[in-house]
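> sequence and predicted model, in that order:
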Amino acid sequence: MKQIIEDVKQTIAQKKILWAYPIVQELQKYHYSLAIKWGMECIKIYSVDIKSDKFSKLDKYVQQAIEEVNFLTSLQCYEVGQEIWYLPEREEIQTAIARLWWSIEAFKNEEEHLGRMETTAAVELVLSHISDYHLLVQYLEAAVRIYEEYKSQN
């Protein structure tokens with residue numbers, strides 16, 4: 001994971017898009033829920049940083065993803081994503097959460113590439129300026145923490 005983080009830093013320094021993809025791919029190798037967890041963590045970090053009240057209205061969807069994802073069908077995940085997408089006054093956080101739900105749907109349908117792309121899009125959406133080093137460091141630290149927690153338990 002540390003080498004992937006270093007490679008990502010180089011990608012970001014070159015101002016390339018899809019910088020989050022290698023992290024998502026690495027986390028997803030162990031279980032797709034790790035990639036989703038990272039996406040949710042990035043959204044939480046972003047919401048605190050921008051002091052968004054929109055996140056508090058959407059937190060129930062984040063909790064549902066964490067608690068119920070194993071019990072929902074891919075169709076139910078798609079429908080939750082649609083519900084979030086069409087809520088009024090859509091912002092980045094709302095769009096990112098909807099994309100994570102569609103990512104879950106894709107992973108459940110064994111469409112791994114689509115799942116990784118949706119998760120990547122969600123993370124990159126809540127880091128609209130890759131020059132925002134403060135947020136970026138927090139996102140990378142969250143990825144390492146999630147990876148290390150998983151490895152220590154398995």
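Received it, and whenever you're ready, just let me know what you need.

> and the helices in the protein?
With DSSP state H as the criterion, the chain has helices at 2-13, 21-30, 32-49, 54-68, 74-85, 92-108, 112-125, 133-153.

> among those, which is the most enclosed?
Here the criterion is mean neighbour count by mean count of other CB atoms under 10 Å, and of the helices of the chain the winner is helix 92-108, at a mean of 24. To be clear about C-beta, it is placed using only N, CA and C from the backbone, and glycine gets the same treatment.

> for the record, mean pLDDT for that one?
Regarding helix 92-108, the rounded mean pLDDT is 94.

> and it, how far from the chain's centre?
A distance of 8 Å separates the centroid of the chain from that of helix 92-108, by CA atoms, centre = their mean, to the nearest Å.

> repeat for stretch 146-154
The chain centroid and the centroid of stretch 146-154 are separated by 18 Å under CA atoms, centre = their mean.

> export that stretch to PDB, keeping only CA atoms.
Extracted in PDB, the C-alpha atoms of stretch 146-154 (Å, rounded to 0.1, in the frame of the first residue of the first chain):
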ATOM      1  CA  ILE A 146      -8.300   1.200   6.400                       C
ATOM      2  CA  TYR A 147      -5.700  -1.100   4.800                       C
ATOM      3  CA  GLU A 148      -3.700  -1.600   7.900                       C
ATOM      4  CA  GLU A 149      -6.800  -2.300  10.000                       C
ATOM      5  CA  TYR A 150      -7.900  -4.900   7.600                       C
ATOM      6  CA  LYS A 151      -4.500  -6.500   7.400                       C
ATOM      7  CA  SER A 152      -4.200  -6.600  11.200                       C
ATOM      8  CA  GLN A 153      -7.500  -8.500  11.500                       C
ATOM      9  CA  ASN A 154      -6.800 -11.000   8.800                       C
END
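
> list the residues that contact the residue nearest to the spatial centre of the chain.
Nearest to the centroid of the C-alpha atoms of the chain, with distances taken as CA atoms, centre = their mean, sits residue 39, at 1.7 Å. Listed by CB atoms under 8 Å, 6 or more residues apart in numbering, the contact set of residue 39 reads 24, 96, 100, 103, 119, 122, 123.

> right, and residue 94 touches residue 84 too?
Yes. With contact defined as CB atoms under 8 Å, residue 94 and residue 84 form a contacting pair (6.0 Å).

> what touches both of these two?
Joint contacts of residue 94 and residue 84 (CB under 8 Å, 6+ apart) are residue 58.
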